[in-house]
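>>> Would you be able to build a 3D model of this:
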Amino acid sequence: MRTSSAKTRRMPYSHADAVARRAAADQLDLEIRHWLRQKRSAKAEVVMRVERMETTRLWEFLGCRSINAYTRKLAGWSASTTSKVIALARAVGDLPLLRAAFFEGELGWTVCYLVSTIATPETEAEWLETARTKNREELADSIARAKGEPVKRQRTFDMSLSQHAKLEAGIAAVMKEKPELDRDAAFEVLCDRGATGAGGTHESRTVIFTCSDCKKAVRQGPGGLIPVEPAELEQHACDTEFLDIREGPAASSRAVPTKVREYVFARDFEQCRFPDCTKTTELELHHEGGWEMVGHDPESCYVACKVHHGVRHRGGFVVLKLGRGQYRFQTVPGVDGAVRIFGDVDLRLPAKDRKRFKKAVLKSAAEADDFPGETKGRVVSDDVKGSAVTDAVKTDVVKADAKADVIKAALVKDAVKVLVGLELKVTHAKQLVADAVGRLALEEQTVEAIVTHVLRTMPLRL
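Now for the predicted structure:
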């Protein structure tokens, strides 16, 4: 039944199921990327031939009155799309790097067109790198700023005749009220009035009934009360209102103190903190580690869109705690133990400074001499003094050993903390970490590698 399928998707994944799904996801992702690249390469061939059709005016011999009529009949392109395609085909002749990326299917034609509007032979490498690291909208914003032009957004809406008539009537009413405004400004005023709630707003609610004795939860469904799975209940419990009606009417209270919730949403600029997610609607507050374990510590809470919040509670991806307020988002380990890192997030910083954390980690790793646990002035033993090694070298060797011991102790301590955050007992976590350290090579011993080894070798509920 359809209801049963929806119910299954909301259940937490077992470790074995998560690993199998990760392997299937990797394979399907590989196939999609292959065919997407093939499609882009084919589109590049089409683009170059359309430009040739226009240059030679061969469309006249096919009964078309223009190249626009030809492409509209053949591919359903608008006149704007056709003009951009032709401009791109002519631009790549002077931009060899862009041409290669276009024909190899690395970048789609719309992204290549945007790059062609600003790149020169001297700057195309820089703009191609920008195109690889940004989505199309972000790339368009960067190009507009580089040109000194206003940043714009293009949105397409499908409306019924009645809806379109109401929109036009609303714009006309604003222009009649404020004759000094043009059509675009009138539309902006109309949007402002809607955003401020002039017409009234209603926030949707999901009401869940929980038994205080058995802890089972239900909610209203199409045919009556339906059960709520534990993962879904945990998701709602992260950011909800409680109403205890056991003793009659009572005031509701929030699961998260209002000041904490407002602080977290402001810190995260009301945007999902999952790396590269730009969702700013349907947002919820998530407690990393469970609200019963971490309380309402702002550095353990972050904003998540409804989709990523639900996937997190079902164990669809892993979040490792790297330090105070520092987290790494990654996939569930695959069959071979490999993981894909989505990115790192530092909740001590505003969301706009996400990249600063990664740079700080790389810098601290490179500056080994600044390691705070370094032991200085350690005395070299007498038997070492009698060797052929100079005193300076002996001192450096001992200091290096001391540093390695301190680093190893810090790794073990941090790995145990991560596992305790995943609801393991301290003694059990220490045993697992000690086993992982003994199995991993010295150069492979990092907090992420240790924790990943533990997660891969035991059925852990995420």
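
>>> ok, residue 312 to residue 238 distance?
10 Å (C-beta to C-beta, to the nearest Å). (Glycine included, C-beta is placed from N, CA and C.)

>>> cool, and residue 175?
Relative to residue 238, and taking C-beta to C-beta, residue 175 is found at 45 Å.

>>> Spit out the residues that contact residue 312 and residue 238 alike.
Any residue near both residue 312 and residue 238 by C-beta atoms under 8 Å, 6 or more residues apart in numbering counts here, and that gives residue 286.

>>> what's the neighbour count on residue 71?
Residues within reach of residue 71, counting by other C-beta atoms under 10 Å, total 24.

>>> any idea which helix or strand comes after the helix or strand where it lies?
For residue 71, the element it lies in under DSSP states H and E is helix 67-75. Downstream of helix 67-75, the first helix or strand assigned by DSSP H and E is helix 79-91.

>>> Now do that following helix against helix 67-75, angle only.
100 degrees (axes from the mean of the first three to the mean of the last three C-alpha atoms, to 10 degrees).

>>> Contacts only, for residue 153.
With C-beta under 8 Å, 6+ apart, residue 153 has these contacts: residue 137.

>>> So it versus residue 78, what's the distance?
18 Å.

>>> Could you do residue 130 as well?
With C-beta to C-beta as the criterion, residue 130 and residue 78 are 27 Å apart.

>>> Helix, strand or coil: sort out residue 225 for me.
Here residue 225 is recorded as strand under DSSP: H, G, I helix; E, B strand; the rest coil.

>>> Can you check my assumption that residue 328 lies in a helix?
No - Residue 328 is assigned strand when assessed by three-state DSSP, not a helix.

>>> what pairs with it across the strands?
residue 320, residue 344 (DSSP bridges).

>>> I'd guessed it sits against residue 344; true?
Yes - contact criterion C-beta atoms under 8 Å: residue 328 and residue 344 qualify, at 5.1 Å.

>>> which residue ranges form the helices in the stretch 251-400 of the chain?
Listed in chain order, the helices of the stretch 251-400 of the chain (DSSP state H, counting those that start in this stretch) span 258-267, 291-294, 306-313, 354-366, 382-385, 391-421.

>>> How far does the third one sit from its chain's centre?
Spelled out, that is helix 306-313. For helix 306-313, the separation from the chain centroid amounts to 12 Å (computed by C-alpha atoms, centre = their mean, to the nearest Å).

>>> Which other helices and strands does it contact?
helix 230-238, strand 283-287 (3 or more C-beta pairs under 8 Å, 6 or more residues apart in numbering; DSSP states H and E).

>>> before we move on, back to that, and for residue 328 and residue 344, which residues touch both?
Joint contacts of residue 328 and residue 344 (C-beta under 8 Å, 6+ apart) are residue 322.

>>> Between the two, point out the one with more neighbours.
Set residue 328 next to residue 344 and count neighbours by other C-beta under 10 Å: residue 328 wins out with 22 against 19.

>>> show me the residues around the more buried one that make contact.
Taking C-beta under 8 Å, 6+ apart, one finds 319-320, 322, 341, 343-345, 448 in contact with residue 328.

>>> Helix or strand with the lowest mean pLDDT in this protein?
Using mean pLDDT, DSSP states H and E, the weakest-scoring helix or strand in the chain turns out to be helix 382-385, at a mean of 38.

>>> rewinding a little: could you redo the contacts of residue 328 as a markdown table and give each row distance to residue 86 and pLDDT?
Shown next, in a markdown table, are those (distance: C-beta to C-beta, whole Å; pLDDT from 0 to 100):
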| residue | distance to residue 86 | pLDDT |
| --- | --- | --- |
| 319 | 47 | 92 |
| 320 | 49 | 92 |
| 322 | 50 | 89 |
| 341 | 41 | 90 |
| 343 | 38 | 90 |
| 344 | 43 | 91 |
| 345 | 43 | 91 |
| 448 | 49 | 75 |
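
>>> re earlier: not counting its own residues, what contacts the helix holding residue 71?
With C-beta under 8 Å, 6+ apart, helix 67-75 has contacts from 46, 50, 53-54, 59, 62, 64, 77-79, 81-82, 85-86.

>>> same question, stretch 17-25
13, 315-316, 331-335, 462.

>>> Return the member of the residues you listed nearest to residue 166.
residue 316 (40.7 Å; C-beta to C-beta).

>>> Surely the closest one touches residue 12?
No - using C-beta under 8 Å, residue 316 is not in contact with residue 12; the gap is 9.4 Å.

>>> Thank you, goodbye.
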